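In: Next come a sequence and a model predicted from it.
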Amino acid sequence: MHLWPLATIRDSSRFAYLRKLEWNLQRMKIEKESSASVNQKLLDSQEGGVQQSNSQEGGVK
């Protein structure tokens, strides 16, 4: 006995699987890009804070 007796059932399950896989890959890519931009913004703000504090300390000495 075959596990998938009809080719249409087999093909429909493949299509659904591929559609879900592509959706997940796209979602993960967007999430990765957005987290990378957030991390870059955090790094930029931290570097700006370090430069400001160094310039203030240099003026005090």
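Out: Nice, I can see it. Keep in mind that what you see is a predicted model, and the values were worked out from it rather than measured.
In: Helices of this structure, start to end?
Out: 7-60 (DSSP state H).
In: Could you list the low-pLDDT ranges of the protein?
Out: Applying pLDDT under 70 to the chain flags the ranges 1-5, 49-61.
In: ok, so what distance separates the residue nearest the centre of the chain from residue 11?
Out: Centroid check for the chain by Cα atoms, centre = their mean gives residue 32 as the closest residue, at 1.5 Å. Going from residue 32 to residue 11 by Cβ to Cβ, to the nearest Å gives 31 Å. Backbone N, C-alpha and C define where each C-beta goes, glycine included.
In: With residue 33 instead?
Out: For residue 33, the distance to residue 11 (Cβ to Cβ) stands at 33 Å.
In: distance of residue 47 from residue 37?
Out: Residue 47 sits 16 Å away from residue 37, taking Cβ to Cβ as the criterion.
In: Over to residue 27?
Out: Plainly put, residue 27 is 16 Å away from residue 37 if you go by Cβ to Cβ.
In: again, but for residue 45
Out: Residue 45 is 13 Å from residue 37, by Cβ to Cβ.
In: got a list of what residue 44 touches?
Out: Residue 44 makes contact with no residue, according to Cβ atoms under 8 Å, 6 or more residues apart in numbering.
In: list the contacts for the residue nearest to the centre of the chain?
Out: Counting by Cβ under 8 Å, 6+ apart, residue 32 has no contacts.
In: count of neighbours near residue 10?
Out: 13 (other Cβ atoms under 10 Å).
In: Residue numbering should commence at 751 henceforth.
Out: Sounds good: first residue 751 from here, last item residue 760.
In: quick one: the residue nearest to the centre of the chain and residue 775, what's the gap?
Out: Remark: distance between residue 782 and residue 775 (Cβ to Cβ) = 11 Å.
In: same thing with residue 760?
Out: For residue 760, the distance to residue 775 (Cβ to Cβ) stands at 23 Å.
In: swap in residue 794?
Out: Counting by Cβ to Cβ - residue 794 and residue 775 are separated by 29 Å.
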